[in-house]
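A.B. asks: with the sequence up front, the predicted model follows.
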Amino acid sequence: MKLSELAAKTRSTIESGPHDLEISGAAGLDIAENGDVTFLANPKYTPQINGTKASAIFLNEGVGLVRPDIAVIRSADAYLAYTRALRLFHPQMAAHSFRHQTVSIDETAVVSENTEIYANVVIGKNCRVESGVKIFPNVTLYDGSLIGKNSVIHSGVSIRENCEIGGNCIIHNNSTIGSDGFGYAKTEEKRWLKIPQTGRVVLEDDVEIGANTAIDRASVGETRIKRGAKIDNLVQIGHSCTVEEDALICSQTGLAGSSIIGKRVILAGQVGIAGHLKVGDDAVITAKSATSHDVEAGKVISGIPAFDNREWLRSTAAYRKLGEMAQKLRALERKVNGPEQK
């Protein structure tokens, strides 16, 4: 691909270098080879520019370069431009019509001919699988489930009864969509009586679910993951939760039942959300934090229990000095109370 074509397709501008320079791949500064385009987004990696073998580099506006032998492509967001370049050089292959001989499809299921279905896949009663879908080995679709156009379901995934997967979704290995919600009532004998979980899970279009993640069905109604949300590996989404558009939920996060996560919210690794809470649009909860109260839109909070991130940073800075502060306090007490005080 010519440098000029790459710049156009990544919404960037060539600042220096021949427009007909041939670019054949994209890679990080430290592993890029001749013919590759690379990028610099984090200033701490600037020294790596001196040793990179890349032929071209994406740079943010205002970032200088001291290597005249590397073509410079300017972008408002170098990392985004590099991501677009990676997608150009590594496009997702479209599904081709294939059905392994070991696939089991119920006679009531409707499965498009233009699907790619591998070994030991089981598709239950009244399921629907639309065109362009890829289903890798050992996937199970329970009765009444739906897979939308061009979605990819990786090996070991279970999609439970009546759940709906939208178009262009990706579900990674061994995740379960529609497992029973964790619901029990205590009987007169103080034993746990299971509450029937009769609802479903809906993933809207362009949702991605990481490996070994569980999304629980509701007792009644639905758990819904809205368009463009991205959920990492090892995440637990409780029953009746709603995750709004373009939210980002990182690994080992847990949402208790009936939580509402707003648009573009970021929940970093190992965040805990108590039940029946709402996290407002564009809020950020930093890693290893937990909240038992609603979070306002746009807030950045940290800690257990979580509170404003800036206050949390000041508090943790003070916490590290508590031992020193205690020593000073005891010294002041001795000075005030006199030498007879021990």
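C.D. replies: Received, thanks. Numbers count the residues shown, from 1 in each chain.

A.B. asks: where along this protein do the helices fall?
C.D. replies: 3-9, 78-89, 309-319, 322-337 (DSSP state H).

A.B. asks: what domains does the record give for this structure?
C.D. replies: Annotated domains of the chain cover 3-89, 98-311 [automatic domain parsing].

A.B. asks: closest one to residue 321 among these?
C.D. replies: domain 98-311 (16.2 Å; Cβ to Cβ). Glycine gets a C-beta too; all of them are placed from N, C-alpha and C.

A.B. asks: now the helices of the chain as JSON lines including mean pLDDT and mean neighbour count?
C.D. replies: Formatted as JSON lines, these follow (pLDDT from 0 to 100; neighbours: other Cβ atoms under 10 Å):
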{"stretch": "helix 3-9", "mean pLDDT": "96", "mean neighbour count": "18"}
{"stretch": "helix 78-89", "mean pLDDT": "96", "mean neighbour count": "19"}
{"stretch": "helix 309-319", "mean pLDDT": "80", "mean neighbour count": "12"}
{"stretch": "helix 322-337", "mean pLDDT": "84", "mean neighbour count": "10"}
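
A.B. asks: quick one, which of the ones you listed gets closest to residue 239.
C.D. replies: helix 309-319 (29.7 Å).

A.B. asks: relative to helix 322-337, how tilted is that closest one?
C.D. replies: Helix 309-319 runs at 60 degrees relative to helix 322-337, counting by axes from the mean of the first three to the mean of the last three Cα atoms, to 10 degrees.

A.B. asks: and the domains of the chain as CSV, adding distance to residue 336?
C.D. replies: Conversion of these to CSV gives the following (distance: least, Cβ to Cβ, whole Å):
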stretch, distance to residue 336
domain 3-89, 48
domain 98-311, 31
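
A.B. asks: tell me which of these is the most buried.
C.D. replies: domain 98-311 (a mean of 19; mean count of other Cβ atoms under 10 Å).

A.B. asks: any weak-confidence spans in this structure?
C.D. replies: In the prediction, the chain carries residues with pLDDT under 70 at positions 66, 339-342.

A.B. asks: a markdown table for the helices of the chain, including distance to residue 270?
C.D. replies: Listed next are these as a markdown table, based on distance: least, Cβ to Cβ, whole Å:
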| stretch | distance to residue 270 |
| --- | --- |
| helix 3-9 | 38 |
| helix 78-89 | 25 |
| helix 309-319 | 16 |
| helix 322-337 | 25 |
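
A.B. asks: so for residue 96, which of those helices sits nearest?
C.D. replies: helix 78-89 (20.3 Å).

A.B. asks: what helices or strands is that closest one leaning on?
C.D. replies: On a contact count with 3 or more Cβ pairs under 8 Å, 6 or more residues apart in numbering; DSSP states H and E, helix 78-89 meets helix 3-9, strand 25-26, strand 36-40, strand 56-60.

A.B. asks: these: which one's closest to residue 135?
C.D. replies: Comparing the helices and strands packed on helix 78-89 by Cβ to Cβ, strand 25-26 comes nearest, at 29.4 Å.

A.B. asks: partner strands of that closest one, with direction?
C.D. replies: According to DSSP bridges, strand 25-26 has the following sheet partners: strand 36-40 (parallel).

A.B. asks: quick one, the strand it pairs with and strand 56-60 angle?
C.D. replies: 20 degrees.

A.B. asks: what's strand 36-40 in contact with?
C.D. replies: 6, 23-29, 32, 46, 49, 52-60, 63, 73, 78-79, 81-82, 85 (Cβ atoms under 8 Å, 6 or more residues apart in numbering).

A.B. asks: likewise for stretch 204-211?
C.D. replies: So stretch 204-211 is contacted by 148, 154, 166-175, 177, 203, 215, 224-235, 251 (Cβ under 8 Å, 6+ apart).

A.B. asks: mind saving the C-alpha coords of that stretch as PDB?
C.D. replies: Taking Å, rounded to 0.1, in the frame of the first residue of the first chain, the C-alpha atoms of stretch 204-211 are listed here in PDB:
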ATOM      1  CA  GLU A 204     -27.000  -5.500  20.700                       C
ATOM      2  CA  ASP A 205     -24.800  -4.900  17.600                       C
ATOM      3  CA  ASP A 206     -21.000  -4.500  17.700                       C
ATOM      4  CA  VAL A 207     -20.600  -5.900  21.200                       C
ATOM      5  CA  GLU A 208     -17.500  -7.800  22.100                       C
ATOM      6  CA  ILE A 209     -17.300 -10.200  25.100                       C
ATOM      7  CA  GLY A 210     -14.000 -11.500  26.300                       C
ATOM      8  CA  ALA A 211     -13.000 -15.100  27.300                       C
END
